[in-house]
Structures are given as structure tokens and as C-alpha cells.
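[1] I would like to see how this sequence folds:
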Amino acid sequence: MSCRTTLTITTLILFLVAASAIVPSSCAVEWSADIRLTLENSSDFVPSIAEGTDGNLWVVWSSDRTGNYELFYTVYDGSSWSDPIQLTTDPNYDRDPAIMRDSGGNIWVVWSSDRTGNYELFYTVYDGSSWSDPIQLTTEPQYDFHPAIMEATDGNIWVVWHSDRNLHDLDLYYKVFNGSSWSSDVQLTADPYWDDYEPSILQDMGGLVWIVFSKFNSTDDRPMDIYYKVFNGTLWSKDIQLTWDPEGDESPSVTRASDGAIWVVWMSHRNGHDWNIYYKVFRTYWTPDTKLTTDQSGDYWPSITQAADGTIWVVWTSTRSANFDIYYKKTITSPYHDIAVIRVKTDPTIAFRSENVSIEVTTQNQGTYGETVEVRCYANSTLIGSKTIFLSPGQTHILYPPLEWDTSDFRRGNYTISANVTAVTGETDLADNHKKADGLVEVRLLGDICGMYGDDILPIPNGMVDGLDFAVIALPSNIFSEYPSWDPVWGPICDLNKDGKIGVADLMLVGIHYGET
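    Next comes the predicted model:
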């Protein structure tokens with residue numbers, strides 16, 4: 001080994017030892033309230049966040065909302081989040097996604113899936129218009145889990161993950177894509193007495209590659225802690241311990257800010273009763289461990305990135321809403337006001353005139369002040385209901401009971417249902433104060449069942465209650481039949497009073513509304 005190489009290694013190790021020291025932080029950080037991102041009655045796990053070239057923020061996660069664990073994602077355009085979009089459709093489990101934007105603007109998602117009968121890594125790339133078909137990245141007979149991904153300054157794509165392919169413990173592996181092919185899998189850690197898992201990766205402004213990971217010694221029952229390693233292009237440093245709490249720290253995520261600072265977030269059990277998110281920052285030295293979430297429910301699996309405006313965003317999974325949901329928060333420079341409508345749902349989507357339609361409106365306080373606001377609902381441009389509510393900072397509120405739209409005075413046709421919240425004093429982001437429901441609500445005439453279309457009678461309302469509707473219900477084969485065993489289309493629409501059969505009561509309803517248009 002040359003003197004120059006020895007000096008380089010020594011310098012790197014001395015740097016890492018010094019970097020592991022902790023000094024008080026002189027830079028106070030203010031954070032927004034915790035804000036709920038997913039709203040489904042399902043389990044949403046292990047989110048990952050990244051920024052696109054247009055400044056939009058992308059969050060991907062694994063969810064069982066379809067009855068099987070698939071990947072979903074949403075995009076924040078600076079004002080509001082898109083509705084969740086399903087990314088994978090395989091009947092096997094897809095889990096532990098990680099997301100990244102490359103220098104060409106492409107979005108990469110890598111994850112673990114058992115679609116081959118064993119958990120392997122797969123990835124897909126979004127080129128701005130479509131996603132590529134999933135590409136298998138690993139082929140080992142043992143499990144590969146929890147990948148992390150980044151692009152280095154030379155354009156190479158790095159993926160690091162943990163695997164039990166040694167059968168006795170978990171170790172870290174990585175591979176690199178040079179633009180045309182992937183390298184072979186490289187084993188990074190190999191101590192048989194330690195489990196190394198849940199890695200995260202970045203490259204600092206000096207070109208060093210950092211991998212931050214969880215480490216656990218099962219032989220002496222030591223707690224889980226966060227460690228990191230650094231690669232200078234030639235060699236990897238030793239493992240450097242980053243946290244020392246006796247209650248356990250794991251699942252780190254790391255990002256580099258535009259000022260060169262390195263931010264690490266992780267989940268910690270140091271409160272003894274619940275998991276919370278903590279973070280620390282490295283500039284010249286590491287700041288002390290700082291608690292980011294304080295909820296009494298569990299907060300797990302954080303992911304961190306910086307947006308174009310310089311704000312730091314953290315997303316994670318929490319059980320505070322009775323099931324696993326995704327939450328987020330971001331750094332702020334000053335207190336602010338911001339109210340949003342994030343979802344509008346209607347039930348039913350087809351209603352007979354005089355039938356009520358329930359409108360469920362979900363609002364969210366994305367600012368730092370408590371606010372009293374009025375929620376208003378509209379059918380097209382007609383106000384159909386309102387309610388005044390109070391929202392604490394970060395609170396997500398679902399109107400209960402839902403607003404009820406009485407359709408009695410509305411003509412038949414399709415209606416756009418929307419909701420808005422009144423702007424509060426000092427609010428500047430007004431684009432998300434208004435939201436439409438997905439799809440239209442069709443108001444039909446009660447008794448208008450069908451129409452003559454060419455030579456055929458079809459179960460499509462023709463805009464009037466007439467003799468054809470009466471005749472269809474009065475058919476001897478229909479009257480008094482229980483429609484579930486009769487016809488799956490005609491049965492439900494002829495059952496006007498929804499009692500599960502077609503009878504005299506349905507004929508009477510046609511008679512009452514006969515001639516209406």
C-alpha cells in the first residue's frame with residue numbers, strides 16, 4: 001500500500017471519528033403540524049418521498065386497500081396532493097418501495113416483491129409519460145428487502161438493500177447501474193453476530209457515498225441503533241455509530257440538503273411505550289437527537305427529502321387514525337394559515353329525485369394556527385349545505401354526519417358535486433380550498449326505468465315516467481319475483497322501493513310519478 005493511499009484512509013477515518021461527535025445545534029428548526037396524507041380504511045406502509053424536476057413531490061408506499069399489498073403513489077404540485085394512483089397490480093405482495101429522481105428527470109421506484117415465489121428486488125422507471133414494465137433486479141434464493149436508491153454525480157444509479165442470503169443474519173448488499181448494465185451484487189457487511197438492515201443512501205457534496213442503516217446484535221441483546229458507513233471511491237469506512245439510546249432506534253432515512261447538510265430521520269422506541277420519529281443534522285458536527293413527533297400512537301418508517309423551496313419534508317406511517325396511514329410534516333420559516341379540502345365523496349352516485357345523497361367532505365388544516373371555517377357544498381353552482389367547524393393545526397376532519405343533499409327540487413341530469421372552505425385571514429394558498437367529487441351524480445326520475453331505443457327496450461331512462469315503465473314492471477314474469485334470482489340488471493332498477501322484490505308497491509310508485517319529465 002502506498003503512503004498516499006495510507007494517508008487517504010487515515011484522513012477518512014479521522015474525519016468520521018470527528019464527525020461522530022455531537023455538539024449543541026445553533027440552528028433552530030421550526031416544523032409544521034403533523035398532516036395526514038392517506039384516508040382509506042386500509043393499511044398504508046413504508047412511504048418514500050422524492051422531488052421531481054418540476055418541483056412536484058412524489059410519495060410512494062405499500063397498501064392493502066385492494067385486498068393485496070400493492071404500491072400506490074401521490075404527487076404534490078405545490079398546492080394539493082393528487083388522488084392515490086395504483087402503481088403495481090401483481091397478485092403477490094409488493095412492499096418496501098423507495099423512490100428517486102435521476103438527472104434526466106425520470107422517476108425510479110425500486111421495491112421488494114414475492115411475485116417469483118421469493119422476495120426479490122424489482123424496479124420501474126417513469127419517463128414523464130408512462131411507467132416501464134417492472135424489471136427484476138435480484139435473483140437470489142433468499143429474501144431481499146428494503147431497498148434504497150440514489151443517483152451519483154457520475155450518473156451511476158446505486159441500489160442498496162438488506163438480505164438474509166447468508167442464512168444466519170441480515171447483511172447489506174448493493175449494486176450499481178452504469179447506464180447500460182448492472183454490476184453484480186456486492187456484499188457490504190458480513191459480521192455474523194450483527195444484523196444490518198433497512199439502509200438509506202446519499203452522496204455528499206464532496207463526492208462521498210453514505211449508507212445509513214439499522215444495526216442489532218442478537219447475541220448480547222443490545223438495542224437496535226443507527227450506524228453509517230462512507231465510501232470515498234476506493235474503500236468503505238468502518239461502521240460509525242450514530243445513536244446510542246438503550247430503547248432502540250431503527251429505519252433511518254437520509255438526505256442531503258442544498259447547503260450540504262446531511263439530515264437523518266429514524267424511528268425510536270426510547271419513550272418506552274410508543275415509537276416516535278427523531279432526527280439529527282450533520283454540517284461540521286452532528287446535532288443532538290431531536291424528537292420530531294410526539295403522538296402517543298406509533299410512528300414508523302420515516303422518509304426524508306428537501307423540496308425546491310428549501311423546506312425539508314418527512315413522511316412516515318402512523319397508527320394514530322386507528323389504522324396505518326401516511327402522515328407528513330415539513331420545516332417552516334414562519335407561522336402561516338392554510339386550509340384545504342382534500343376529498344369529496346358522494347353516496348349514491350345515481351339517485352332518484354327526492355332521494356338524499358350523502359356528501360362526505362374531508363378538510364385539513366395545513367397551517368400553524370387553529371382556524372374556524374365554513375364548509376360549503378354545491379351541486380353545480382347551487383349551494384346545497386354548509387357547516388362551520390374548528391380545525392387545530394394539522395387536523396384532518398371528516399364531516400360527520402355527512403351533509404345530505406335533498407334532490408327533490410332538482411331536475412333530472414348529471415351534477416358536479418364540490419365543496420369549498422372559506423379563506424381565513426392571512427391565507428395565501430387558496431388553490432386547494434375547493435375540490436370536486438370524483439365523477440358525477442346522476443339524478444333520475446323515480447319510476448323512469450327504461451326507454452325504447454330503436455327496436456329494443458333497454459334499461460336506460462328516457463327522461464319520462466310513461467307506460468313503458470309501467471308495462472315492464474307489470475310483466476307477469478316480473479311481478480312478485482325476487483330479483484336476485486331473476487335478472488341482475490332489470491331486477492334492481494325495477495325494485496323502486498328497494499325491498500328486494502318487484503311488486504305492487506313498485507307499480508304504485510310508477511303511478512304516483514306517471515307523466516313526470
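
[2] Between its first and last residues, how far does stretch 182-200 reach?
    19 Å (Cα to Cα, to the nearest Å).

[3] mean confidence score for it?
    For stretch 182-200, mean pLDDT rounds to 95.

[4] list the buried ones in that stretch?
    The neighbour-count check on stretch 182-200 (16 or more other Cβ atoms under 10 Å) flags Asp185, Leu188, Thr189, Trp194, Asp195, Asp196, Tyr197, Glu198, Pro199, Ser200 as buried. Quick note: C-beta positions are derived from backbone N, CA and C, even for glycine.

[5] In strands only, show me these.
    Among these, DSSP state E puts Trp194, Asp195, Asp196, Tyr197, Glu198, Pro199, Ser200 in strands.

[6] contacting residues for the fourth one?
    This points to Tyr197. Residues counted as contacts of Tyr197 (Cβ atoms under 8 Å, 6 or more residues apart in numbering) are Phe145, His146, His162, Leu170, Leu172, Phe213, Ser214, Lys215, Phe216, Glu250.

[7] Ok, the first one next?
    Counting by Cβ under 8 Å, 6+ apart, Trp194 touches Asp169, Lys215, Phe216, Asn217.

[8] Which one of those sits in the busiest neighbourhood?
    When neighbours are taken as other Cβ atoms under 10 Å, the top entry among the contacts of Trp194 is Lys215 (26 neighbours).

[9] Wasn't that one part of a helix?
    No - counting by DSSP: H, G, I helix; E, B strand; the rest coil, Lys215 is not found in a helix; it is strand.

[10] thinking it is in contact with Ile240, fair?
    No - Lys215 is not in contact with Ile240 according to Cβ atoms under 8 Å; the separation is 10.5 Å.

[11] Quick check: neighbours shared by these two?
    Taking Cβ under 8 Å, 6+ apart as the contact rule, Lys215 and Ile240 both touch Tyr227.

[12] So Asp456 versus Leu468, what's the distance?
    12 Å (Cβ to Cβ, to the nearest Å).

[13] returning to that earlier point: the contacts of Trp194 into CSV, with extra columns for pLDDT and distance to Thr319?
    Converted to CSV, these look like this (pLDDT from 0 to 100; distance: Cβ to Cβ, whole Å):
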residue, pLDDT, distance to Thr319
Asp169, 86, 29
Lys215, 95, 25
Phe216, 91, 23
Asn217, 85, 28
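
[14] Make JSON lines out of these and add distance to His269.
    Below are the contacts of Trp194 laid out as JSON lines (distance: Cβ to Cβ, whole Å):
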{"residue": "Asp169", "distance to His269": "21"}
{"residue": "Lys215", "distance to His269": "15"}
{"residue": "Phe216", "distance to His269": "12"}
{"residue": "Asn217", "distance to His269": "16"}
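
[15] farthest-separated two in those residues?
    Greatest spacing in the contacts of Trp194, by Cβ to Cβ: Asp169 and Lys215 (10.9 Å).

[16] Show me whatever sits in contact with both of these two.
    Contact criterion Cβ under 8 Å, 6+ apart; residues shared by Asp169 and Lys215: Trp194, Asp195, Asp196.

[17] In this structure the last one contacts Asp164, no?
    No - taking Cβ under 8 Å as the contact criterion, Asp196 and Asp164 are not neighbours in contact, 11.1 Å apart.

[18] Which parts of stretch 299-312 count as buried, going by neighbours?
    Buried positions in stretch 299-312, judged by neighbour count with 16+ other Cβ under 10 Å: Asp299, Tyr300, Trp301, Pro302, Ser303, Ile304, Thr305, Gln306, Ala307, Ile312.

[19] Just give the nearest non-adjacent residue to Phe470, would you?
    Of all residues not flanking Phe470 in the chain, Val510 sits nearest, at 4.9 Å (Cβ to Cβ, 6 or more residues apart in numbering).

[20] Thr368 now?
    Take Thr368 and drop its neighbours on the chain: the residue closest to it by Cβ to Cβ, 6+ apart is Pro335, 4.3 Å away.

[21] you'd agree the one you found is up against Pro393?
    No - with contacts counted by Cβ under 8 Å, Pro335 stays clear of Pro393, the gap being 9.2 Å.

[22] Poorly predicted segments of the stretch 201-350 of the chain, please.
    Low-confidence segments of the stretch 201-350 of the chain (pLDDT under 70): 221.
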